[in-house]
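>>> What follows is a predicted protein model with its sequence.
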Amino acid sequence: MTLTLNDPSLLQTHAYIDGQWVEGTDGARFDVLNPATGERIAQVASVGVAETRRAIEAAERALSAWQAKTAKERSTLLRRWHDLMLAHQEDLALIMTSEQGKPLAEARGEVAYGASYIEWFAEEGRRTYGDVIPSVANDRRLLAIKQPVGVVAAITPWNFPNAMLARKAAPALAAGCTFVMKPASETPLSALAMVVLAERAGIPPGVINLVAGERSSEIGGELTANPRVRKVSFTGSTAIGKLLLKQCADTVKKASMELGGNAPVLIFDDADLDEAVAGALASKYRNAGQTCICANRILVQSSIYDVFVEKFTAAVEGLKLGNGTEEGVTIGPLIHAKAAKNVHAMVTEALEQGAKVATGGQIDERGECFYTPTVLTHVNRDMRVFRDEIFGPVAPIFRFEDEADAVAMANDTEVGLASYLYTRDLGRAWRVSERLEYGMVGVNEVGISSEVVPFGGIKESGLGREGSKYGLDDYMEIKYICMGGLS
Ligand SMILES: NC(=O)C1=CN([C@@H]2O[C@H](COP(=O)(O)OP(=O)(O)OC[C@H]3O[C@@H](n4cnc5c(N)ncnc54)[C@H](OP(=O)(O)O)[C@@H]3O)[C@@H](O)[C@H]2O)C=CC1
Ligand SMILES: O=C(O)CCCC(=O)O
């Protein structure tokens, strides 16, 4: 199957090293499949350790010239990249839906969202101020300046193939770092199209490099072991994040880790119920539930439990499952058949332990990657649907009695990325927000992400923040300069 794009040159399938589009040394390629149809969309060059090393070396060579540019010069190039992404939004969205599955409207939204990080950091990169520190002696002046960390390696997942890359590449480049990226092998085409546009924007050879390949542990091994790389930024599963952190320890690299979540949505009996239903629905089923900040556990106060379940189930039954390119589809396939099987195994296990299906609960007749939007009741804290990240369109709805019970249930997990609560009581909104052990809290709102806010988690959800004024610091070192002999 070929994609019909307005600009066919966006469908790139080579690796990008030192400004050149190249094959892997052994000529190997891997298939990129459309999860909605099972069709092959493209075959992409599969690289290994040797190409990864070349990409790192190219990034190191490009570093001094990139750092020597003024922040304004880097900003101008990033802005051009941003403008090109928006100019090609439709093509980028179609590429994304074809390889990832999300509905076209969501894919368009993600392209705009990704581009917003590039625009934001083009601006923030011009404001990397240091400090003049009040001195301890009259013959000295004390300064703190910020400098780029150096070569950055990024490993990104398939659930947001554009935005996860944009929010690592943009701060890195704005700070004056050079960049080697490894996209997920399910969704390399979105990343490759972004690199085509970066090249067109005039980002110099070596500043951005892309290595894709199924031998991710080999590529990741080189990215984490090579001493030229000074920082690794990863978004993906907690298990791989922990592995990469261990690998980074040998060369003491800086690391940003955006790992799994287990987001609770707390719905109190004073909440606006319709708002809460709409919010929980949007949060849970966006991207077919494959979002690290997706509602994973819906916790509802006992007195409104039954009415909430009834309204929520009716809303879920109104979702339209199908190929993301079809008009009116609101929920697409999961990334691959294995993901659908994993989700079904979690549901089956819960049913065996006493859960009940209010709607859904099966692999859909449309194909092996489609899972019917599901609601589970009679669930409890011992089930995997409480403990683990579901990463699929399954909403388990738990009961709680009072505020203390709700907070204890919400915090009963080793991860802490996003959390949400619905209440009209202002005192409760503050109390609960402050007690939730999470990096992000949405109060009466689930659309919490944007380029202007610090995105990130605590506990085993990771390290560092992406976006906002804080996001740039993760790509910079602070250097202290003591100027003496001034008397
Ligand atoms: N925080 C988040 O946003 C995400 C969370 N997840 C969670 O993880 C679960 C599994 O998803 P999965 O795709 O397997 O996530 P992974 O963590 O395995 O994949 C994320 C990225 O890491 C790469 N990778 C995998 N293994 C290694 C390695 N040993 N060294 C270096 N890079 C590696 C992958 O490459 P390749 O694709 O080539 O293997 C991909 O680019 C999901 O069900 C979900 O719970 C998944 C994705 C995103
Ligand atoms: O799943 C993720 O890792 C990112 C969530 C998308 C967002 O809201 O930024």
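That came through, no problem. Ligands and ions are numbered 1, 2, ... in the order given.
>>> what about Tyr420, which SS state?
Assigned by DSSP: H, G, I helix; E, B strand; the rest coil, the conformation of Tyr420 is strand.
>>> pretty sure it is in contact with Ala295, am I right?
Yes: counting by CB atoms under 8 Å, Ala295 is a contact partner of Tyr420 at 6.8 Å. (Glycine included, C-beta is placed from N, CA and C.)
>>> tell me, what's touching the two both at once?
Shared contacts of Tyr420 and Ala295, defined by CB atoms under 8 Å, 6 or more residues apart in numbering, comprise Ala263, Pro264, Val265, Ser283, Val446.
>>> For the strand or helix carrying the third one, report the contacting residues that lie outside it.
If you go by DSSP states H and E, Val265 is part of strand 263-267. When contacts are taken as CB under 8 Å, 6+ apart, the neighbours of strand 263-267 outside the stretch itself are 273, 276, 279-280, 283, 293-301, 304, 308, 400, 406-407, 409-410, 417-423, 432, 436, 438, 446.
>>> which of those residues come close to ligand 2?
Ile293 (CB under 6 Å from any ligand atom).
>>> From Leu11, how far off is Pro188?
Separation of Pro188 from Leu11 (CB to CB, to the nearest Å): 11 Å.
>>> Of these two, which one has the most company?
Taking other CB atoms under 10 Å, Pro188 and Leu11 do not tie; Pro188 has more neighbours (29 against 19).
>>> Alongside ligand 1, which residues does the stretch 201-350 of the chain contribute?
Residues of the stretch 201-350 of the chain lying close to ligand 1 (CB under 6 Å from any ligand atom) are 214, 216-217, 220, 235-237, 240, 243, 258-260, 292.
>>> Repeat the analysis, applying 5 Å as the threshold.
Ser216, Ser217, Gly220, Gly236, Ser237, Ile240, Gly260, Cys292 (CB under 5 Å from any ligand atom).
>>> Max pairwise distance over those: which two?
Ser217 and Cys292 (21.5 Å; CB to CB).
>>> And the two? Which one has more around it.
Cys292 (28 against 11).
>>> May I ask you to confirm that the more buried one belongs to a helix?
No: the assignment for Cys292, made by three-state DSSP, is coil rather than a helix.
>>> can you give me phi and psi for it?
The phi and psi values for Cys292, taken as degrees, to the nearest 10, are phi -70, psi -20.
>>> all helices of this protein, in order?
Per DSSP state H, the chain carries helices over the ranges 49-68, 71-87, 89-100, 104-124, 163-175, 188-201, 216-225, 238-249, 273-285, 305-317, 337-352, 384-387, 403-411, 426-435.
>>> Columns distance to Leu463 and mean pLDDT on top of those, output as TSV?
Output for these, formatted as TSV (distance: least, CB to CB, whole Å; pLDDT from 0 to 100):
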stretch	distance to Leu463	mean pLDDT
helix 49-68	22	98
helix 71-87	25	98
helix 89-100	26	98
helix 104-124	19	98
helix 163-175	14	98
helix 188-201	23	98
helix 216-225	15	98
helix 238-249	8	98
helix 273-285	24	98
helix 305-317	34	98
helix 337-352	26	98
helix 384-387	22	98
helix 403-411	19	98
helix 426-435	22	98
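>>> Would you tell me which one of the ones you listed is buried the most?
Across these, averaging neighbours per residue (mean count of other CB atoms under 10 Å) puts helix 163-175 on top, at a mean of 29.
>>> these two touch, right, Glu23 and Val44?
No: applying CB under 8 Å, one finds Glu23 not in contact with Val44, separated by 10.3 Å.
>>> Tell me which of those two has more neighbours.
Between Glu23 and Val44, Val44 has the larger neighbour count (other CB under 10 Å), namely 25 against 15.
>>> Do I have it right that the more buried one meets Ala28?
No: using CB under 8 Å, Val44 makes no contact with Ala28, being 9.9 Å away.
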